[in-house]
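>>> I'll drop the sequence and a predicted model, then ask my questions.
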Amino acid sequence: MGSAERFRAIVVDRETDAAGKPRLASALRELTLADLRTGDAAPDAAGAVELAVSYSSLNYKDGLAVAGKPGVTRSYPIVAGIDVVGTVVGSDDDRWAAGDRVLLNGGGASETRHGGYTARALIAGGSLVRVPDQLTDRRAAAIGTAGFTAMLSVLALERHGVSPTDGPVLVTGASGGVGSVAITLLARAGFEVTAVTGRAADNGEYLRSLGAAELLDRDEFAEVGKPLQSQRWAAAIDSVGGVPLANVLAQVRYGGVVAACGLAASPDLPTTVMPFILRAVSLVGVNSVEAPLALREQAWARLATDLDLDQLDAMTTQIGLADVFAAADDILAGRTRGRTVVAIG
Ligand code: NDP
């Protein structure tokens, strides 16, 4: 594509509201490659790879960015979208050549560098991962940051030595992107999974189809409870934080582990040291954005072999670029289920 050819992208920028106050706003704009090469969110000139983007996806963080909430985007103007899947059309990085299918999850996309809600992208070659042969572009985007984070969380439990014979594993935020992929990965690995959801009436059948053996209502975890409660779970994957995470920690069995990756309920953690010092419970943090390349490749290799692709398809909804604005409101309001891919190419 020549530097002057135009393509569509969702751009977040600073603007001033009617009262003269600064705010963030997103809009569908027509850009050129020259636009991507200039400004604070441009990739470093050395090692940039030009992609024809086929799909991106919608994650909770994308909802925040597109809705103009502070905290995700930090360079302006910036193309939103923390996930990118596409084909290399030109590369200044020796590792990549035209025709390679590649993906990016996080790595600064939609934070400090342009992201994936665009037909063309310029991405630093060092943060790209090859799309595994077993996965189409659409499925790689359906996995996206949420599925990648679920896999990182499962790897964290494995590193801690948790196995299916140790007992049931709890997954919070069950109907969400991270939760849905975590349930299917754990169930396929032989774990007995208990899913915590606020939408059992609507999503109960869905969660059971992914492999949840038992469902618990989110309300059971919503009130501050005793620092030590009945020991129920060998491990947990938590994407909600807050009081629910404090209660999860209080219910994990001696020596168990909790992988904490999200804050859908709250960034707070009103807990005590009791689960740690009296039950030897471990709390492991999971961060997808800055995961080193070797860990990214390990997680994607496992996703390619371990994930049930029929279940992935069943949890996936497809939208177009223009639908992202409404979908952003939906994910922030907790109305979405599973994963949403954004078809671009
Ligand atoms: P989703 O919105 O798809 O899922 C979140 C789920 O959490 C909802 O579907 C809902 O499930 C549950 N939930 C929503 N609000 C509340 C609440 N107030 N209290 C308890 N549960 C609630 O988001 P994602 O799966 O994409 O992301 C989940 C979290 O993980 C987000 O906070 C996100 O920022 C974080 N994240 C972190 C990453 C990292 O690198 N650490 C990477 C990816 C995501 P249900 O209706 O079943 O209860």
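Yes, it's here.
>>> In the chain, where is pLDDT below threshold?
Counting by pLDDT under 70, the chain has low-confidence residues at 1-3.
>>> quick check: domain ranges of it?
7-131+315-343, 146-285 (automatic domain parsing).
>>> right, is the longest one up against the ligand?
Yes - where contact is defined by C-beta under 6 Å from any ligand atom, part of domain 7-131+315-343 touches the ligand, namely Asn59, Tyr60, Lys61, Ile331, Gly334, Thr336. C-betas here are computed from N, CA, C, even on glycine.
>>> Could you measure from the last one over to Val162?
Pointing back at Thr336 there. 29 Å (C-beta to C-beta, to the nearest Å).
>>> what helix or strand does Pro132 sit in?
Here Pro132 sits in a region with no helix or strand, counting by DSSP states H and E.
>>> Can you select the buried ones from the residues of domain 7-131+315-343 next to the ligand in ChimeraX?
Selection of the buried residues among these in ChimeraX, burial being defined by 16 or more other C-beta atoms under 10 Å:
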select :59,60,61,331,336
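>>> Kindly reformat the residues of domain 7-131+315-343 next to the ligand as CSV containing distance to Ala222 and secondary structure.
As requested, these are exported to CSV (distance: C-beta to C-beta, whole Å; DSSP: H, G, I helix; E, B strand; the rest coil):
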residue, distance to Ala222, secondary structure
Asn59, 24, coil
Tyr60, 19, helix
Lys61, 23, helix
Ile331, 20, helix
Gly334, 14, coil
Thr336, 21, coil
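>>> what about whatever residue of the stretch 151-300 of the chain ends up closest to the ligand, how many residues close to it?
Taking C-beta to the nearest ligand atom, the ligand has its nearest neighbour within the stretch 151-300 of the chain at Gly176, 1.8 Å off. Gly176 has 26 neighbouring residues, counting by other C-beta atoms under 10 Å.
>>> quick one: it and Asn59 touch, right?
No - Gly176 lies out of contact with Asn59 (C-beta atoms under 8 Å); the separation is 9.4 Å.
>>> Next secondary structure after the biggest helix by length in the chain?
Longest helix in the chain, counting residues (DSSP state H): helix 137-159. Scanning forward in sequence from helix 137-159 by DSSP H and E, the next helix or strand is strand 169-171.
>>> Quickly check: that next one near the ligand or not.
No - Strand 169-171 lies apart from the ligand when judged by C-beta under 6 Å from any ligand atom; the minimum separation is 9.4 Å.
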